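Asker: for reference, the sequence and a predicted model appear below.
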Amino acid sequence: MDLLLLEKTLLGLFAAVIVATVISKLRGKRFKLPPGPIPVPVFGNWLQVGDDLNHRNLTDLAKKFGGIFLLRMGQRNLVVVSSPELAKEVLHTQGVEFGSRTRNVVFDIFTGKGQDMVFTVYGEHWRKMRRIMTVPFFTNKVVQQYRYGWESEAASVVEDVKKNPEAARNGIVLRRRLQLMMYNNMYRIMFDRRFDSEEDPLFNKLKALNGERSRLAQSFEYNYGDFIPILRPFLRGYLKICKEVKEKRLKLFKDYFVDERKKLSSPKSTDNEGLKCAIDHILEAQQKGEINEDNVLYIVENINVAAIETTLWSIEWGIAELVNHPEIQRKLRDELDTVLGQGVQITEPDMLKLPYLQAVIKETLRLRMAIPLLVPHMNLHEAKLGGYDIPAESKILVNAWWLANNPANWKNPEEFRPERFLQEEAKVEANGNDFRYLPFGVGRRSCPGIILALPILGITLGRLVQNFELLPPPGQSKIDTSEKGGQFSLHILKHSTIVLKPRSV
């Protein structure tokens with residue numbers, strides 16, 4: 001960094017100290033702010049709490065400061081909600097007031113400053129994008145249309161594993177094959193396309209770019225430049241890489257999928273019955289002038305990340321817990337064999353007849369929530385929450401993992417025990433009917449992907465347990481379930497090797 005830039009940075013820091021001190025005093029008189037650690041000028045609480053604002057660290061702060069607390073992260077106000085009552089206020093009662101999204105310097109790049117659906121502010125653009133995405137992606141009709149494809153992809157996984165003798169001997173990293181399955185599940189819906197194998201060059205290019213996007217976006221490394229704008233010059237290299245990855249991804253989506261689909265589509269508009277896949281519907285909305293080409297590409301961007309990766313993480317967690325709890329695996333297998341009959345493969349409609357499978361899925365989503373803090377909310381204007389004043393444009397995090405793992409609200413929450421959803425919590429569903437359990441959020445900005453995720457989870461876990469005994473590698477009693485958290489995510493740290501011993505039925 002040259003001397004001129006250093007001089008400007010130091011002058012900016014000095015000016016920010018003065019401004020922050022004055023604003024802090026004025027705010028202290030004007031607002032009744034939530035409790036929290038005492039901030040220092042410029043840095044706020046950043047030096048005290050650090051970059052790693054994961055669900056467990058925020059839980060520790062909630063135990064100290066209560067169900068709502070405030071962190072001042074540089075120039076950003078971060079409000080953390082950790083009680084069911086306040087979660088209801090944010091997500092439901094005051095769903096409009098807290099219905100916007102806060103982004104950051106990296107997500108601004110990957111979403112074109114909110115041209116997508118997930119990270120746009122609450123308003124007309126969000127309503128339009130949600131409406132356009134709902135029909136081709138998030139309805140029961142879509143589930144019924146594509147569930148045969150999901151069942152076929154799960155059957156292909158089973159056959160490929162059976163053909164691999166190493167799977168039954170020393171084990172394989174099953175996640176790699178499941179990743180191909182998830183891409184095929186969603187690319188069938190989006191583009192009526194699938195990839196033939198893990199060696200497919202286009203699949204590998206797509207997977208690599210999506211993986212790099214996730215790594216860059218989920219990292220805590222760039223927080224300092226996001227919290228304190230005058231430090232952003234130090235992020236130039238990081239943001240340059242983000243822009244390059246973004247441009248490569250959008251070009252790949254456009255050249256290999258969107259444009260290819262345009263060539264196959266009829267130039268005349270069709271009714272919904274004639275649409276073969278989701279992108280046809282979305283391109284029709286573009287032709288009508290409802291959205292532009294960038295919006296089309298950012299919809300594809302959202303599905304690549306929000307639908308594929310999160311569902312894959314949940315499948316991986318579910319498998320890990322079944323491997324580490326063989327008695328639960330046996331109970332699930334017994335239910336499948338008894339209800340469906342040995343050798344009769346599970347299909348999507350069967351899930352209604354399989355309460356223990358549903359309980360296993362619910363318990364996986366409770367203990368190993370893929371998005372433990374949900375996607376952050378934001379209030380565009382000053383608001384009230386829990387008797388406190390919330391400054392405009394505050395970032396609101398709902399610690400949904402702690403809501404679902406607080407021993408004050410759950411019996412022995414640290415245990416993986418599906419039976420809780422058949423016994424004391426039998427009425428609790430994943431759709432947000434209980435504010436202690438919000439794996440997909442609830443309200444206006446809830447995750448609409450619940451309608452796809454639950455059947456895909458059920459079909460995949462069910463088929464694996466029906467056809468294999470899932471075991472840790474030779475010489476191990478369990479597999480490692482250490483967590484890796486990010487800006488929003490919670491996934492398993494190590495993609496474990498597991499043994500899949502075919503059942504003789």
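Answerer: Good, I have the coordinates.
Asker: and the helices in the stretch 401-505 of the chain?
Answerer: Assigned by DSSP state H, counting those that start in this stretch, the stretch 401-505 of the chain shows helices spanning 450-467.
Asker: which residues in it form strands?
Answerer: In the stretch 401-505 of the chain, the strands defined using DSSP state E, counting those that start in this stretch lie at 468-471, 483-485, 490-492, 499-502.
Asker: do the same with the stretch 51-200 of the chain
Answerer: Along the stretch 51-200 of the chain, the stretches classed as strands by DSSP E, counting those that start in this stretch are 68-73, 76-81.
Asker: assumed Gln342 was part of a helix.
Answerer: No: counting by DSSP: H, G, I helix; E, B strand; the rest coil, Gln342 is not found in a helix; it is coil.
Asker: if I look at it, how far off is Leu283?
Answerer: For Gln342, the distance to Leu283 (CB to CB, to the nearest Å) stands at 46 Å. Bear in mind the C-beta positions are built from the backbone N, C-alpha and C, glycine included.
Asker: out of the strands of the stretch 401-505 of the chain, which comes closest to Gly432?
Answerer: strand 490-492 (18.4 Å; CB to CB).
Asker: how long is stretch 366-382 end to end?
Answerer: In stretch 366-382, first residue to last residue: 32 Å (CA to CA, to the nearest Å).
Asker: what's the closest of the strands of the stretch 401-505 of the chain to Phe220?
Answerer: strand 483-485 (8.9 Å).
Asker: for the closest one, list every residue counted as buried.
Answerer: Residues of strand 483-485 classed as buried: Gly485 (neighbour count, 16 or more other CB atoms under 10 Å).
Asker: do stretch 291-301 as well
Answerer: Across stretch 291-301, burial judged by 16+ other CB under 10 Å covers Ile291, Asn295, Val296, Leu297, Tyr298, Ile299, Val300, Glu301.
Asker: I figured the third one hits Gln287, correct?
Answerer: No: taking contact to mean CB atoms under 8 Å, the distance of 10.5 Å between Val296 and Gln287 leaves them out of contact.
Asker: low-scoring stretches of the protein, by residue?
Answerer: Low-confidence segments of the chain, defined by pLDDT under 70: 1-29, 266-275, 505.
Asker: can we see that at 90?
Answerer: 1-31, 42, 47, 50-52, 102-103, 263-276, 305-306, 485-489, 504-505 (pLDDT under 90).
Asker: in contact with Ile315, which residues?
Answerer: Leu178, Met182, Ile456, Leu457, Thr460, Leu461 (CB atoms under 8 Å, 6 or more residues apart in numbering).
Asker: typed the wrong thing, it's Glu382
Answerer: Residues near Glu382 by CB under 8 Å, 6+ apart: Asp389, Ile390, Pro391, Ala392.
Asker: from Ala87, how far out is it?
Answerer: Glu382 is 20 Å from Ala87, by CB to CB.
Asker: for Glu212, same thing?
Answerer: Taking CB to CB, one finds Glu212 at 33 Å from Ala87.
Asker: looking at those two, which one has more neighbours?
Answerer: Ala87 (24 against 16; other CB atoms under 10 Å).
Asker: before we move on, the earlier item: Gln342 and Leu283: which has the busier surroundings?
Answerer: Between Gln342 and Leu283, Leu283 has the larger neighbour count (other CB under 10 Å), namely 19 against 11.
Asker: report the buried residues of the helix or strand that one falls within.
Answerer: Using DSSP states H and E, Leu283 maps to helix 278-287. For helix 278-287, the neighbour count (16+ other CB under 10 Å) marks Ala278, Ile279, Asp280, His281, Ile282, Leu283, Glu284, Ala285, Gln286 as buried.
Asker: which elements pack onto it?
Answerer: The contact analysis (3 or more CB pairs under 8 Å, 6 or more residues apart in numbering; DSSP states H and E) places helix 278-287 against helix 124-137, helix 174-191, helix 259-264, helix 293-302.
Asker: looking at those helices, which is closest to Glu414?
Answerer: Of the helices and strands packed on helix 278-287, nearest to Glu414 by CB to CB is helix 174-191, at 24.6 Å.
Asker: what about that closest one, distance to the chain center?
Answerer: Centre-to-centre, helix 174-191 and its host chain are 16 Å apart (CA atoms, centre = their mean, to the nearest Å).
Asker: could you say what helices and strands it packs with?
Answerer: With contacts defined as 3+ CB pairs under 8 Å, 6+ apart, the packing partners of helix 174-191 are helix 140-163, helix 201-218, helix 278-287, helix 310-324, helix 450-467.
Asker: neighbouring contacts of the third one?
Answerer: So that's helix 278-287. With CB under 8 Å, 6+ apart as the test, helix 278-287 has contacts from 132-133, 135-137, 189-191, 257-258, 261-262, 265, 269-270, 272, 275, 291-293, 295-296, 299-300.
Asker: how about JSON lines for the contacts of Ile315, with distance to Leu91 and neighbour count added?
Answerer: As requested, those are arranged in JSON lines below (distance: CB to CB, whole Å; neighbours: other CB atoms under 10 Å):
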{"residue": "Leu178", "distance to Leu91": "31", "neighbour count": "21"}
{"residue": "Met182", "distance to Leu91": "27", "neighbour count": "22"}
{"residue": "Ile456", "distance to Leu91": "24", "neighbour count": "27"}
{"residue": "Leu457", "distance to Leu91": "23", "neighbour count": "23"}
{"residue": "Thr460", "distance to Leu91": "29", "neighbour count": "27"}
{"residue": "Leu461", "distance to Leu91": "28", "neighbour count": "26"}
